[in-house]
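K.L.:
Sharing a sequence plus its predicted fold:
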Amino acid sequence: MNYRFLIVSAALLVSLRAQTPAALTVDVKQPKASVSPMLYGLMTEEINYSYDGGLYAELVHNRTFRSDWSGILNWYLVEKGTASAKVSVDNRTGPSAALTNSAKLEVAKADAKSPAGLLNEGYWGFAVRPNTRYTGSFYAKSDAPLPVKIALVADQSGQTVASVAVSIAGAEWKQYKFEMRSGQVVTPSAENHLEITIDRPATLWLQLVSLFPPTYHDRANGNRADIMQKLAAMRPSFLRFPGGNYVEGNNLASHFDWKKTIGPLVDRPTHPSPWSYQSSDGMGLLEFLEWCEDLRMQPLLAVFAGYTLDGRVVRPGPDLEPYVQEGLDEIEYATGGPDTKWGALRVRDGHAAPFAIHYVEVGNEDNFDRARTYDGRFAQFYKAIKAKYPEIQVIATMPVMGTTPDIVDDHYYKRVQGMFEESKHYDQTDRKGPKIFVGEWATREGTPTPNLGAALGDAAFMTGLERNSDLVVMASYAPLFVNVNPGGMQWSSDLIGYDAMNSYGSPSYYAQVMFASCVGDHTVTSSLTGAGDRFFYSATASPAKACLKLVNANSTAQPVTITLPGLGAGAHTARVSTMHANSTWATNTIKDPKRIAPVTSTLQVTGDRIPYVAPPYSIQVLELDLK
């Protein structure tokens, strides 16, 4: 295919006659400013069932048997045939100081043909695939030695698709581990549930019932492979965790208390998330750090800074000091050696090597603090962190007075037109101030995941980030995840959608993948004329390649003459990735996951002047070899 003459349809040619030609000049040999190597990353928090029921691969919903007036949540009594049983919560006995309760199953009548027990519905089902190994465990005790059957059962047929028997020793709490494998002829489906049953009269206490499918990199207590693979395709340079609102909590008691999220699962008491469901805390501090390790990202640790979502604050001074120390201890857990108090605990938890922490954010969205205490709170954290870890870059969640942060976090949530306007936000920003981290941003159109119009807004905004990537050192879209089942979403327009069985990327996800696929180490001198206000671009380069991003948000094609002074008259190879649709409302779904996705082609370029046509409603990335 000749790069000079883009083949277009007859309808596209008609539209060109009414479109004003544009001129884009990109001097690929004229560096302008450095591009941050940390520009594109991930932001995460527990929202939309992001961890439990999402990335975190645990299949059992409410493995710690929380209950309300209706009974034990997500668990149901099983009485087959002539069996007779009852279940209750026993608040007097549990396997640990963190989990002091248990499910008490009292079976009055049961036999091999009429078992009794408990059923768990999972997170909108249990995903089962053929010839797949499932690993599980539970804590149990009983009034006598007892065989227990654990089975995955198909909802519709009632057939067992995987099962195993475990022998309970007796009256002392003990952890029991097991494995089971599905058969070769099992139909892939999420319409399954878990049953734990016994075949004789007895009393059985259960706690922390867990079941995992194969995980990414086969990590114990790990993450879903399909979602992690999608994240890897984004080439993220960092992960901001654990939030977001999740780090703050609804109140002081429910802020992210990292010390309760480390060590064995049985020692993690769980806690309420800000989005009206309970966090299992299986995704604890070490798991966040291992997530970074698996995707080769730098950790960007957000520490609790004394402000909670109910508007209360811990004022700077002596009252705040315990939380400052909590943050310092958290950094030590990640970075400390075995000779440090908290580093030794990380070693105990199975990760001998320390993690490198270069960025710490103090709080989250403290602009909502009506008492205006953030200046003092930030200063107290900043001084303490710098005293012990002078190399760490300390990030403020808003501009502050009295202390100069290393980086300031900006957030943007707008509709498409607003993001078009924000694409120019940093073009004239003073370079003398702190660097910028755009820690949360999204074009909010489309549900549960963004549509093509939102992707155009996102891509336009990202061209502004790239043009100003000497100032904007990091950026991360939010929210990252959503469970698309009914009741799974609390916030719309989320990057990656999933159910128990499958996951998919939105058009905005693919825009992120496209932009991160080609980023130079410096911006270059460039100019654009005659394109109107719905055509956007950015240009970066490295010694071996140039990266040109074009976003045409018009409903008609945009002819543009691209001039590349410094390219020379020889032949060069260009790779073009294009995503477009006929309507801004077009989108991907869990049932049609790749309706809108990038298409790639290889083109040959001769000379430095290219008559080009950007298709309507399109995002394009041109990667051009310079050697």
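P.N.:
Done, it's in.
K.L.:
Spell out which helix or strand contains the closest residue to Leu39 other than its chain neighbours, please.
P.N.:
Excluding its sequence neighbours, the residue lying closest to Leu39 (C-beta to C-beta, 6 or more residues apart in numbering) is Ser469, at 5.3 Å. (Each C-beta comes from the backbone N, C-alpha and C, glycine too.) Counting by DSSP states H and E, no helix or strand carries Ser469.
K.L.:
separation between Ser469 and Leu495?
P.N.:
21 Å (C-beta to C-beta, to the nearest Å).
K.L.:
Could I get the average pLDDT for stretch 170-185?
P.N.:
Taken as a whole, stretch 170-185 has a mean pLDDT of 96.
K.L.:
Endpoint to endpoint, that stretch covers what distance?
P.N.:
This stretch, stretch 170-185, spans 37 Å end to end (C-alpha to C-alpha, to the nearest Å).
K.L.:
distance between that stretch and the chain's centre?
P.N.:
30 Å (C-alpha atoms, centre = their mean, to the nearest Å).
K.L.:
for the stretch 151-300 of the chain, what spans make up the strands?
P.N.:
With strands called from DSSP state E, counting those that start in this stretch, the stretch 151-300 of the chain shows them at 160-168, 174-181, 192-198, 202-212, 238-241, 271-272, 278-279, 298-303.
K.L.:
Between these, which one is closest to Phe288.
P.N.:
Evaluated with C-beta to C-beta, these place strand 238-241 nearest to Phe288, the distance being 4.5 Å.
K.L.:
In its sheet, which strands sit next to that closest one, and in what direction?
P.N.:
Note on strand 238-241: by DSSP bridges, its sheet partners are strand 40-43 (parallel), strand 298-303 (parallel).
K.L.:
Switch those over to CSV; also include mean neighbour count.
P.N.:
Shown next, in CSV, are the strands paired with strand 238-241 (neighbours: other C-beta atoms under 10 Å):
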stretch, mean neighbour count
strand 40-43, 24
strand 298-303, 25
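K.L.:
Make JSON lines out of those strands and add mean pLDDT and distance to Ile562.
P.N.:
Output for those, formatted as JSON lines (pLDDT from 0 to 100; distance: least, C-beta to C-beta, whole Å):
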{"stretch": "strand 40-43", "mean pLDDT": "98", "distance to Ile562": "24"}
{"stretch": "strand 298-303", "mean pLDDT": "98", "distance to Ile562": "35"}
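K.L.:
For Gly136, list the residues it contacts.
P.N.:
Residues near Gly136 by C-beta atoms under 8 Å, 6 or more residues apart in numbering: 150, 177-180, 209-212.
K.L.:
What is the nearest of the residues you listed to Gly41?
P.N.:
Nearest to Gly41 among the contacts of Gly136, with distances taken as C-beta to C-beta, is Phe212, at 27.0 Å.
K.L.:
So what pairs up with the closest one in the strands?
P.N.:
According to DSSP bridges, beta-bridge pairing links Phe212 with Thr135.
K.L.:
That one contacts Thr135, correct?
P.N.:
Yes - here Phe212 reaches Thr135: they are 5.2 Å apart, a contact under C-beta atoms under 8 Å.
K.L.:
More neighbours: which of those two?
P.N.:
Phe212 (21 against 15; other C-beta atoms under 10 Å).
K.L.:
so where's the protein uncertain?
P.N.:
Applying pLDDT under 70 to the chain flags the ranges 1-20.
K.L.:
how does it divide into domains?
P.N.:
The chain breaks down by automatic domain parsing into domains covering 1-57+215-236+408-627, 67-211.
K.L.:
Just put the ones you listed in TSV and tack on distance to Thr335.
P.N.:
Formatted as TSV, the domains of the chain follow (distance: least, C-beta to C-beta, whole Å):
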stretch	distance to Thr335
domain 1-57+215-236+408-627	18
domain 67-211	26
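K.L.:
right, so those: which one is the most enclosed?
P.N.:
Mean neighbour count (mean count of other C-beta atoms under 10 Å) peaks for domain 1-57+215-236+408-627 among those, with a mean of 20.
K.L.:
can you give me how far that domain is from the chain middle?
P.N.:
Relative to the centre of its chain, domain 1-57+215-236+408-627 is centred 18 Å away, using C-alpha atoms, centre = their mean.
K.L.:
Could you do stretch 88-105 as well?
P.N.:
Counting by C-alpha atoms, centre = their mean, stretch 88-105 comes out at 32 Å from the chain centroid.
K.L.:
end-to-end on it?
P.N.:
End-to-end span of stretch 88-105 (C-alpha to C-alpha): 7 Å.
K.L.:
what's the top strand by length along the chain in contact with?
P.N.:
Using DSSP state E, we find that the single longest strand of the chain is strand 22-34. With contact meaning C-beta under 8 Å, 6+ apart, strand 22-34 is reached by 469-470, 521-532, 535, 537, 539, 541, 546, 548, 558-567, 624, 626.
K.L.:
Point me to the helix or strand that includes Thr525.
P.N.:
strand 522-529.
K.L.:
Met398 now?
P.N.:
Under the criterion of DSSP H and E, Met398 resides outside all helices and strands.
K.L.:
State the distance from the closest residue to Pro130 other than its chain neighbours to Asp494.
P.N.:
Distance criterion C-beta to C-beta, 6+ apart; nearest residue to Pro130, sequence neighbours excluded, is Val186 at 4.3 Å. Going from Val186 to Asp494 by C-beta to C-beta gives 31 Å.
K.L.:
do Lys80 as well
P.N.:
Noted for Lys80: a distance of 40 Å to Asp494, by C-beta to C-beta.
K.L.:
before we move on, what about Glu121?
P.N.:
Look at Glu121 and Asp494: by C-beta to C-beta, they are 23 Å apart.
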